[in-house]
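> build me a model from this:
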Amino acid sequence: MRKTLLALLASTLLVSACGTVRDSRINPMNWFGPSRSVPAASEENANPLIPQRSGLFAKRAVEVDTYAGRPFEQITDLTIEPVPGGAILRATGLAARQGIYAVRLTPATLDEQPVDGVLTYRLEGVRPDKATSQGSNPTREVIAARRLTNQTLSGVREIRVEGQLNTLVSRR
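Next comes the predicted model:
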């Protein structure tokens, strides 16, 4: 009985002190205060610690990375697997030679929107600079995948994956 009474008394004292802790500096919720509006950064009030010019130790300007991939010769398989929130588009391609890397499914349109209900992709890869052997079919086969959201798939009746020699289509 004494332990219960002592625990009840201690919890009552602890809960009664919450009102003062709520407004004190001990409470981490009070450390930053409420949000407020500030003017947008411009040339006059730019951060002086971030360099605005190039110099000896400044990083070079970021160059736009262009993808140097070319379409695969043949598309051998196309599967669309439903997942929560969308689907996974998986395409298998067969290259003419071994050594192709950085394989991607690139959209045919810049905004990745369907044209007349058709969403089109190209299976592309970067070919090596040096000559490589042809090899057997399993050594030239690659798989690329791309996640498609439900928003991307809305209004899509057909998904096409294009290669140089053929195109595979999957319809809903």
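
> in which helix or strand does Leu6 reside?
helix 2-16 (DSSP states H and E).

> quick one, what contacts Asp129?
Contacts for Asp129 (C-beta atoms under 8 Å, 6 or more residues apart in numbering) come out as none. Backbone N, C-alpha and C define where each C-beta goes, glycine included.

> SS state for it?
coil (DSSP: H, G, I helix; E, B strand; the rest coil).

> and the gap between it and Thr120?
29 Å (C-beta to C-beta, to the nearest Å).

> what of Ile80?
Distance from Ile80 to Thr120, by C-beta to C-beta: 14 Å.

> neighbour count: these two, which is higher?
Taking other C-beta atoms under 10 Å, Ile80 and Thr120 do not tie; Thr120 has more neighbours (18 against 14).

> give me the three-state assignment for the more buried one.
Applying three-state DSSP: Thr120 is strand.

> quick one, strands of this structure?
70-71, 74-83, 86-94, 101-107, 118-126, 141-149, 158-162, 167-171 (DSSP state E).

> so for the fifth one, what's the average pLDDT?
Read it as strand 118-126. Averaged across strand 118-126, the pLDDT comes to 91.

> please apply the same query to the longest one.
What strand 74-83 shows for mean pLDDT is 89.

> same question for stretch 98-105.
According to the model, stretch 98-105 has a mean pLDDT of 88.

> and it, what's buried?
99-100, 103-105 (16 or more other C-beta atoms under 10 Å).

> one more: stretch 109-126?
Within stretch 109-126, judged by 16+ other C-beta under 10 Å, the buried ones are 114, 119-125.

> now do stretch 66-85
69, 71-76, 78.

> what's the answer for stretch 164-172, then?
In stretch 164-172, counting by 16+ other C-beta under 10 Å, buried: Leu168.
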